[in-house]
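Student: predicted model and sequence follow; I will ask about them next.
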Amino acid sequence: MELIGGLFALLLGFLCLVVWLLPIVLIGVSSRTRGAEKAAWILAVIFVSWFAWIFYLLLAPLKPPERYRYRY
């Protein structure tokens, strides 16, 4: 019985780790932001948690992307 409880605790711990890392990975592979802005969002998620990820989904990118201007 102790073995089942230990395995359940290990599984629950692994699940919590995956849930905690999920927003970091999703921001890391996202194409909405790049460079320093992406690093800032990842740091915000690490230190502020899920609220920062929700703000990322609502607000990112903070500044509009640069458009290429063609000169003729």
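Tutor: Cool, got the structure.
Student: contacts and neighbour counts: CA atoms only from here.
Tutor: Will do.
Student: which residues of the chain score low on pLDDT?
Tutor: Filtered on pLDDT under 70, the chain yields the residue ranges 63-72.
Student: tell me what the longest helix seen in the chain is packed against?
Tutor: Secondary structure assigned by DSSP state H gives helix 2-29 as the longest helix of the chain. Where contact means 3 or more C-alpha pairs under 8 Å, 6 or more residues apart in numbering; DSSP states H and E, helix 2-29 is packed against helix 35-48.
Student: just checking, what packs against the helix it packs on?
Tutor: Against helix 35-48 (3+ C-alpha pairs under 8 Å, 6+ apart) you get helix 2-29, helix 50-59.
Student: quick revisit: in the longest helix of the chain, what counts as buried?
Tutor: Under the neighbour-count criterion of 16 or more other C-alpha atoms under 10 Å, helix 2-29 has 23-24, 27-28 buried.
Student: stretch 27-44 too?
Tutor: 27-28, 33, 38, 41-42, 44.
Student: what about that stretch, start to end distance?
Tutor: This stretch, stretch 27-44, spans 11 Å end to end (C-alpha to C-alpha, to the nearest Å).
Student: for Arg33, which three-state class applies?
Tutor: Not Arg; residue 33 is Thr. coil (DSSP: H, G, I helix; E, B strand; the rest coil).
Student: residues touching Ala60, list them.
Tutor: 32-33 (C-alpha atoms under 8 Å, 6 or more residues apart in numbering).
Student: quick thing: my sequence starts at 20, can you match it?
Tutor: With the count now opening at 20, the last piece we talked about shows up as Ala79.
Student: from Arg51, how far off is it?
Tutor: Plainly put, Ala79 is 7 Å away from Arg51 if you go by C-alpha to C-alpha.
Student: likewise Lys57?
Tutor: 9 Å.
Student: quick one: work out the angle between the longest helix of the chain and helix 69-78.
Tutor: 30 degrees (axes from the mean of the first three to the mean of the last three C-alpha atoms, to 10 degrees).
Student: relative orientation of helix 21-48 and helix 54-67 in degrees?
Tutor: Between helix 21-48 and helix 54-67, the angle comes out at 150 degrees (the same axes, to 10 degrees).
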